[in-house]
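Q: Give me coordinates for this.
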Amino acid sequence: MNIQNLNQEELQQLQTLLNKMNPNQSIEKDIDPVDKMVDDIIDNFNFDKVQITMDYLGWKWVGERVTTKMLVEEARRLLKGAAESRLGQFKNEHWEQGIIHGTGGFQAQAWCNEGKTKITGLDLKFVLTEWDEGIED
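A: Now for the predicted structure:
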């Protein structure tokens, strides 16, 4: 078979058959890299530990006891928001600078490539306290 002699419809049929033979390959192509990074963070972050800490400290969100489900939803929202802001609202910032979205103890940070066309890294932290100082020239 010479694929150069196939028309567009025949090429699509061939691609469909090849995808059926190796389904994992076509699935991987359809997954957004940012969504994959977010899913990996959500799967590996210790939300139970955060929830236990918040309970112990009596830390609430809008007067409510915080559940693990709430933590996961907020973390996902912050991670996606940081990624969108890095390539959108803060696209003019230096490319090596991470953009942070945070609330309720969470800090989600996103970095992009030099061309500012794709997200290259995401980070999620739960911060209890932080201190920073600087001296201006």
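Q: Go through the biggest helix by length in the chain and flag the buried ones.
A: Counting by DSSP state H, the longest helix found in the chain is helix 68-87. Residues 70-71, 74-76, 78-87 are the ones in helix 68-87 that count as buried (16 or more other CB atoms under 10 Å). For glycine as for every other residue, the C-beta is placed from the backbone atoms N, C-alpha and C.
Q: What of stretch 56-68?
A: Within stretch 56-68, the residues scored as buried using 16+ other CB under 10 Å are residue 66.
Q: Please apply the same query to stretch 36-43.
A: Going by neighbour count (16+ other CB under 10 Å), the buried part of stretch 36-43 is 37, 38, 41, 42.
Q: Give me the distance from it to the chain's centre.
A: Its chain's C-alpha centre and that of stretch 36-43 lie 6 Å apart, by CA atoms, centre = their mean, to the nearest Å.
Q: which residues are in contact with that stretch?
A: 72, 75, 76, 79, 80, 83, 119, 121, 122, 124 (CB atoms under 8 Å, 6 or more residues apart in numbering).
Q: residues contacting the second one?
A: Under the criterion of CB under 8 Å, 6+ apart, the contact list for residue 75 reads 41, 42, 45, 47, 106, 108, 124.
Q: can you rerun that using 10 Å?
A: Applying CB atoms under 10 Å, 6 or more residues apart in numbering to residue 75 gives the contacts 38, 41, 42, 45, 47, 50, 104, 106, 108, 124, 126.
Q: Which pLDDT value goes with it?
A: We have a pLDDT of 97 for residue 75.
Q: Run through the residues that contact residue 55.
A: 65, 66, 67.
Q: mind running it again at 8 Å?
A: Listed by CB under 8 Å, 6+ apart, the contact set of residue 55 reads 65, 66.
Q: Using PDB, list the CA coordinates for the host helix or strand of it.
A: Assessed by DSSP states H and E, residue 55 sits inside helix 47-57. Extracted C-alpha coordinates of helix 47-57, given in PDB (Å, rounded to 0.1, in the frame of the first residue of the first chain):
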ATOM      1  CA  PHE A  47      -5.000  17.500  51.200                       C
ATOM      2  CA  ASP A  48      -5.800  15.300  54.200                       C
ATOM      3  CA  LYS A  49      -2.800  16.800  56.100                       C
ATOM      4  CA  VAL A  50      -3.900  20.300  55.200                       C
ATOM      5  CA  GLN A  51      -7.500  19.600  56.400                       C
ATOM      6  CA  ILE A  52      -6.200  18.100  59.700                       C
ATOM      7  CA  THR A  53      -4.000  21.200  60.200                       C
ATOM      8  CA  MET A  54      -6.800  23.600  59.500                       C
ATOM      9  CA  ASP A  55      -9.200  21.700  61.900                       C
ATOM     10  CA  TYR A  56      -6.500  21.700  64.600                       C
ATOM     11  CA  LEU A  57      -6.000  25.500  64.200                       C
END
